[in-house]
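>>> Compute the structure for the input listed below.
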Amino acid sequence: MSASYELHGPVAVITLNNPPVNGLGHASRLAVAEGLERAQADANVKAIVITGAGKAFSGGADIKEFGTPKALAEPNLLSLIRLVELCSKPVVAAVHSVCMGGGLELSLGCHYRVAAPGANVALPEVKIGLLPGAGGTQRLPRVLGVETALNMIVSGDPVKSEVLASLPGQKLFDKLITDGDLLQGAITFATEIADKRPLPLVRDMKVTHPNADGYFQFARNTVGAMAKNFPAPLKCVDAVEAAVKKKFDDGMTYEREQFVALMMTPECKALRHAFFAERAASKIADVPEDTPLREIKKVAIIGAGTMGGGIAMNFLSTGTPVTLLEMKPEALERGVATIRKNYEAQVKKGKLKPEKYEATIALLSTTLSYDAIGDADLVIEAVFEDMEVKKAVFQQLDKVMKPGAILATNTSTLDVNQIAAFTQRPQDVIGTHFFSPANVMKLLEVVRGEKTAKDVLATVMAVGKKIKKTCVVSGVCDGFIGNRMIEQYSRQAGFLLEEGCTPAQVDKAVEKFGFAMGPFRMGDLAGNDVGWYIRKRRYVEKPDLRYSKTADLLCEMGRFGQKTGAGWYDYKEGKRDAIPSPVVEKMIADHRQAMGITPRQISDDEIVHRLVFALVNEAARLLEEGIAQRASDVDMVYLTGYGFPLHRGGPMCYADTYGLYNVAQAMKRFAQNPNDDAAFWQPAPLLAKLVEEGKSFN
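Residues are numbered from 1 along each chain as shown. Purely as a prediction, here's the structure:
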């Protein structure tokens, strides 16, 4: 049952009932339309109330129907809203909890609106690359004024109902029902206005602005600068301008045309892909959604360095008590001081209230002894990336932790199965790979060992969600999903230097493509010694894997990046600006000469595609090996952990958009370059198979 129909005296109440947010799917739209017709036909009904069951009025379109014929099936949302407007009896929307997107558009089609305080009101379509498509850009300016409406439409952010109700001159809510039950208040209101005529329609209201041309030009300049890679925000400005300058029906036609055009853009497809990918990432094929979870009330963290401190903040900020363990008192003091400094910066910016800061810090305790953490439900190890160090930690944890505690390692590349084998309880061991800075970065790679229990995996996924991370499950391999792929990206960046590029040229091309940072600026920020340490291990384990020697030569010069004031670039004291370095350029030129390579001009297009398709080919192998569950999981890792441009949807989404046939052709061209790695550029079997079948990753 998608909507129920009940009589309360002379008032018919239609209640949307499509959990969790009463999405306006086809069945719901049909049920509301039937309810309206039934109320119209009943002579005893004098007024109609539309509301939502449970925790929402309506969250808008049903995302499960996105892109399917059902989304457009009649009555579509536009037809339903027209039906409401043409109703001969007054229709009152009783808004509470969540009123967003199509839900808000439906309420704007009603003759009256009453609201409970605390409801989140929004038109969030811009967040998936669209503009409101059922009259939102035409009706909202008529009830809230041009500027408030445009701000809401362009940002997509929710505003509380009581804030909107308090705006001078607003016509969105006819009444805020502050005492008693909303439905009862709405029925009383409906009874009071039952005989009022004519019925007020938002479409008939006037909308003006004292300096429309000037204001819309200002809005375009501001929005254009902030949303340079996304077309939707500027189209929102155009549509609201149409509300001011065109007749209502012409404005509606314009809005619809823009909605349909945006739906076809690669940016909209990328944003919708990311939206669904984030939801899909939390689902694990062989772990049922109703798997019982272990209780996590107390957390312990081993290591108070940058990583350990950042991880601790995630838990403290969500009200979970944390015990931080270190071997030396000065290391503990340093760690706690950094945590305090980070929170104090938030207080200074007004993002955190001083009393909340005190309460949060009060949840943190410290210790120098493993015996003090035995009662924690979850312990996360964040010590030096060395197997012997990890072994010592996990043998200790195995001795002191209570039965059923989850033992997690924050390793970024080491074998989680080997770490689990250091304990008598491998089923309780899991990898939780946080990204630095751990209190800021959204990504959490959850590494499932061969023996990790299903309830441990399900619990860690739930904990990740609680601390506001995007969790992606990875199997065990060197580097998991993200770092295993980035290694191929970095190798290509090195070859590009040998063949004729400068670090700045590579970085600029990649940043123009939309990455937050090119590979060489990223190396300087992370510390070039980190990669050096991994390469030294590779030279022993995989002697036939070729790297450009430039990165090793750089490290031999002691140029580890920003922390040493010199890396691929030079840095001035206290500043982060990357200044091209003549010393580095000479080193690269000398190395090139020693290798007998004649430098050539390399286009931005080649730079970008060698780097991005290196990610894609390695990811195809990861999918084949079952390390990643699905291509969209790989995209989530890169969007949330590696600064891949959101408007391109992640490496796999970009490859699909570019066309996998074209991707494979590019790889064949790269394989013919004598200075590259021809073996690597053989398209991975999965990629070759998809090309042959004319399919895509997602």
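
>>> Could you measure from residue 451 over to residue 698?
31 Å (C-beta to C-beta, to the nearest Å). All C-beta atoms are positioned from the backbone trio N, CA, C, and that covers glycine.

>>> swap in residue 689?
Here residue 689 is placed at a distance of 15 Å from residue 698 (C-beta to C-beta).

>>> which of these two has more neighbours?
residue 698 (20 against 13; other C-beta atoms under 10 Å).

>>> The more buried one reaches residue 655, doesn't it?
No: Residue 698 is not in contact with residue 655 according to C-beta atoms under 8 Å; the separation is 9.3 Å.

>>> what's near enough to touch residue 394?
With contact set as C-beta atoms under 8 Å, 6 or more residues apart in numbering, residue 394 has these partners: 381, 407, 409, 419-420, 422-423, 429.

>>> Name the nearest residue to it, sequence neighbours excluded.
Nearest residue to residue 394 in three dimensions, chain neighbours excluded: residue 422, at 4.2 Å (C-beta to C-beta, 6 or more residues apart in numbering).

>>> re earlier: columns neighbour count, distance to residue 271 and secondary structure on top of the contacts of residue 394, output as TSV?
Supplementary listing: those in TSV, determined by neighbours: other C-beta atoms under 10 Å; distance: C-beta to C-beta, whole Å; DSSP: H, G, I helix; E, B strand; the rest coil:
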residue	neighbour count	distance to residue 271	secondary structure
381	24	36	strand
407	25	38	strand
409	26	34	strand
419	26	38	helix
420	23	38	helix
422	19	43	coil
423	17	43	coil
429	27	37	strand
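
>>> from those residues, which is closest to residue 515?
Distance to residue 515 across the contacts of residue 394 (C-beta to C-beta) is lowest for residue 409, with 28.9 Å.

>>> How much space separates the closest one from residue 349?
Applying C-beta to C-beta to residue 409 and residue 349 gives a distance of 33 Å.

>>> try residue 315
Distance of residue 315 to residue 349, given as C-beta to C-beta: 22 Å.

>>> Residue 647 now?
In terms of C-beta to C-beta, residue 647 sits 28 Å off from residue 349.

>>> Between those two, point out the one with more neighbours.
A count of neighbours by other C-beta under 10 Å puts residue 647 above the other of residue 647 and residue 349, at 19 against 8.

>>> low-scoring stretches of the stretch 51-200 of the chain, by residue?
Applying pLDDT under 70 to the stretch 51-200 of the chain picks out no residues at all.

>>> let's go with 90 and repeat that
Within the stretch 51-200 of the chain, the stretches with pLDDT under 90 are 62-72, 180.

>>> Strands of the stretch 501-650 of the chain, residue ranges please.
Applying DSSP state E, counting those that start in this stretch to the stretch 501-650 of the chain gives strands spanning 569-570, 579-580.

>>> Please point out which parts of stretch 101-108 sit buried.
For stretch 101-108, a neighbour-count test (16 or more other C-beta atoms under 10 Å) marks 101-108 as buried.

>>> got the contact list for stretch 681-697?
616-618, 620-621, 623-624, 631, 652-653, 655-656, 660-661, 663-664, 667-668, 670-671.

>>> nope, stretch 397-407 is what I was after
The contact list for stretch 397-407 (C-beta under 8 Å, 6+ apart) reads 294, 296, 302, 370-371, 373-379, 381, 394, 422-425, 428-430, 456, 459-460.

>>> from the chain's centre, how far out does that stretch sit?
With C-alpha atoms, centre = their mean, to the nearest Å as the basis, stretch 397-407 stands 33 Å off its chain's centre.

>>> i'd like the first residue to be 654 from this point on
Okay, residue one is now 654; in that scheme the one you just asked about reads as stretch 1050-1060.

>>> Tell me which of the strands of the stretch 1154-1303 of the chain is the most buried.
Most buried of the strands of the stretch 1154-1303 of the chain by mean neighbour count (mean count of other C-beta atoms under 10 Å) is strand 1222-1223; its value is a mean of 20.
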